[in-house]
Each structure stands twice: as C-alpha cells, then as structure tokens.
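**Q** give the three-dimensional model of this entry:
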Amino acid sequence: LGASCDWSRNKFTLDPKIINIVYKTFKKLYDDGLVYRGERMVNYCTRCGTSFSELEVNHIERDDLLYYLDYGVVTIATTRPETIFADVAVAVNPTDSRYKYLIGKIAKIPLINREIPIISDSLVDPKFGTGALKVTPGHDAVDFEIGKKHKLPIISVIDKEGRILNTPQKYTGMKVRRAKEEVVADLEAAKLIKKTEKLHHTVGVCYRDNGLIEPMISKQWFIKIEPLAKPALSAIRKGSVKFAAEKFKKIAIHWLKNLKDWNISRQIVWGMRIPAWRCERCMEWVITEGTKPLKCTRCGHEKLTQD
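**A** Below you'll find the predicted structure:
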C-alpha cells in the first residue's frame, strides 16, 4: 500500500514512556468511572492461565456431538454434559407452546437428581435442540445473562487449571476432557442419554495455542462500554460518521449495541502490572500513575497490596 515505518520513533511495549502513558490512561479511566474491578463472565484459557478480551478469542467451526439428556419431565440438548452439575435451572422460550405447561415445575439433573426450576426466558432459542435449555450461569455467557435476570445462583465446576470441582467425588480433580468422557459413560450406563446427533457449530479458542476457551466467572478489571459506545452510536445515527460502503453502517451499529464490558486484566506477565493497591484495613482500592502509594487515601492505613 506504500506505507512505511518511521524508525526514528521506534517504541517497545515496555519502554518507560509507553508504560507512563498506559498508567496515566488507566488512572484517568478509573477517575472517570469507566474502569472497575468486578466478578463477571470472562474468556479464560486454562493452559495460558489468564483471561482474554473478546479480540483475543478466535472462533472456529467444528463438529461435536449433541447429547439429549433426560431431566425428568423434560429433555435438554447439550454439547457439554460435563457441566450438568453446575445447572441451576431449565429455561424455555415463553412463546414456545410445547412447554408452557412446564413453566414453574421442577426438573431433575441426571446422575445427581438435584431439583431445579423450569423457567421461561426470551433468550432461549426454541429451534435449538429440544428448545429447552440447561441454564449454567457459571460457564456460559447467555446462561449468565439469564441467571442475572432471574436471580439464579452461580455454581462453578471448572477451575482455572481446567480441572473439575464441586461435583461428585468421582469426577473431582479430573481434567475437563476426561471428566466429559466419564460423565457420558455414566449417563449411558444409567440410560439417561435419549439420543446423540452431530452438530456443526462455532467455538471460541485461544489465539495463542488454539485450545478451547473456558467461559467462567472471575474477578477482573473491566472498562464500562455503554458510556463510550453511546456517543459513537449517536454520531453514526446523526450522520457525523460517513461509511465508504453503506452496508457497514448496519454492522457498526450492531457491534456497538452488543458490546459488553471489556476485560482488560491478564494473569500472566505480558506487560505492565495494574497500578492498583488495596488497603488491608478498609479494602479500598487506591489507583496511581504507577508509583506505590504511601497510605490509603480513604483511611490512612499504610499497608497496601498491589493487585
């Protein structure tokens, strides 16, 4: 394209000037109320040992098996039978006439017979599988949104090393793949798999090693998206932004409307440590431009721990 680099201005990610800019930006975003630390659904790579942003997740097509499982009064379809122990509800679409009589009734998780409610939610796709969705807020982004709306509990059954926990003892400590094999074998032995079929679908993988990404709940640092996306959307709708091809306008609007709060923290040392210190007395966060604070700005306590 005829582009060339100005090598007189060569910079490295960890150059002092770059680090200073990053820290100043982080503090400004925090002071403006746009950066916060919270517990939300993130993309996690259990091999790299870190969370990722949406841009660091690649999406590939592949074939998997869809398992139709017996939940007592209803059958659900899932590609992840190893996560059934994290189920907290079964959801159906409120417009789905097949299941209206079941809303408010009780389903039972196979193998453990734990009772969970049958609820209705418009996020359920009535055309997928049986139209009944096992709700696992701890390990699926859509389920997490359903869980928030219905104030459902969150159960996590996969840890940050990709091992199974909070399940029957038999599976505890297993890696996810082996746990899936064992759970499927036990479901088959108990005649709780009604049928299986091939499913061609898209899954998220780590951009570094192409391993499967685990959606999981984790405490991370996020940027609030809505206050940033709102003026951008307004500019597009007012015509302040011109698109070289008009078709991209619709795509841009859809992208901005569906952005979720952006995960910016990582758990391994690829860059700069987050300039946030927590007071050991009042648990308040103190954000600086990179230098360690002498004391807590809220209570004056001198013992602070960097995140």
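
**Q** measure residue 106 to residue 128 for me?
**A** Going from residue 106 to residue 128 by C-beta to C-beta, to the nearest Å gives 23 Å. The way it works is simple: take the backbone N, C-alpha and C, and place the C-beta from them, glycine included.

**Q** do the same with residue 50
**A** For residue 50 relative to residue 128 (C-beta to C-beta), the value is 31 Å.

**Q** likewise for residue 199?
**A** 9 Å.

**Q** now the common contact residues for these two.
**A** Common contact partners of residue 199 and residue 128 (C-beta atoms under 8 Å, 6 or more residues apart in numbering): none.

**Q** what residues sit buried inside stretch 247-256?
**A** Neighbour-count burial for stretch 247-256 flags residue 256 (criterion: 16 or more other C-beta atoms under 10 Å).

**Q** actually stretch 11-18, not the one I wrote
**A** So, applying 16+ other C-beta under 10 Å, stretch 11-18 has no buried residues.

**Q** can you check stretch 84-96 too?
**A** 84, 85, 86, 87, 88, 89, 90, 91, 92, 93, 96.

**Q** residue 164 contacts residue 181, correct?
**A** No: proximity of residue 164 to residue 181 does not meet the contact threshold set by C-beta atoms under 8 Å, at 11.7 Å.

**Q** between these two, which has more neighbouring residues?
**A** residue 164 (24 against 13; other C-beta atoms under 10 Å).

**Q** any idea how far residue 230 is from the closest residue to that one other than its chain neighbours?
**A** Distances taken as C-beta to C-beta, 6 or more residues apart in numbering place residue 179 nearest to residue 164, at 4.5 Å, with adjacent residues excluded. For residue 179, the distance to residue 230 equals 43 Å [C-beta to C-beta].

**Q** out of the two, which sits in the more crowded spot?
**A** Between residue 179 and residue 230, counting by other C-beta under 10 Å, residue 179 is the more crowded of the two (24 against 11).

**Q** run through the residues that contact that one.
**A** 82, 164, 167, 171.

**Q** sketch out the strands for the stretch 151-300 of the chain, chain order is fine.
**A** 193-206, 214-223, 262-263, 276-279, 285-287 (DSSP state E, counting those that start in this stretch).

**Q** can you check which of these gets nearest to residue 45?
**A** strand 193-206 (4.2 Å; C-beta to C-beta).

**Q** I'd say residue 236 and residue 249 touch.
**A** Yes: with contact defined as C-beta under 8 Å, residue 236 counts as touching residue 249 (6.5 Å).

**Q** what packs against the lengthiest helix in the chain?
**A** Assignment by DSSP state H gives helix 16-31 as the longest helix of the chain. Secondary-structure packing of helix 16-31 (3 or more C-beta pairs under 8 Å, 6 or more residues apart in numbering; DSSP states H and E): strand 35-45, strand 285-287.

**Q** what lies in contact with that helix?
**A** 11-12, 35-36, 223, 271-272, 274-275, 287-290.

**Q** confidence-wise, which of those residues comes last?
**A** Among the contacts of helix 16-31, residue 271 carries the weakest pLDDT, at 80.

**Q** where does the stretch 151-300 of the chain have low pLDDT?
**A** Residue ranges of the stretch 151-300 of the chain with pLDDT under 70: none are present.

**Q** can you pull out the helices in it?
**A** If DSSP state H, counting those that start in this stretch is used as the criterion, the helices of the stretch 151-300 of the chain fall at 176-189, 226-238, 247-258.

**Q** any chance of these in TSV, plus distance to residue 66?
**A** As requested, those are exported to TSV (distance: least, C-beta to C-beta, whole Å):
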stretch	distance to residue 66
helix 176-189	12
helix 226-238	35
helix 247-258	26
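
**Q** of all those helices, which lies closest to residue 135?
**A** helix 176-189 (17.9 Å).
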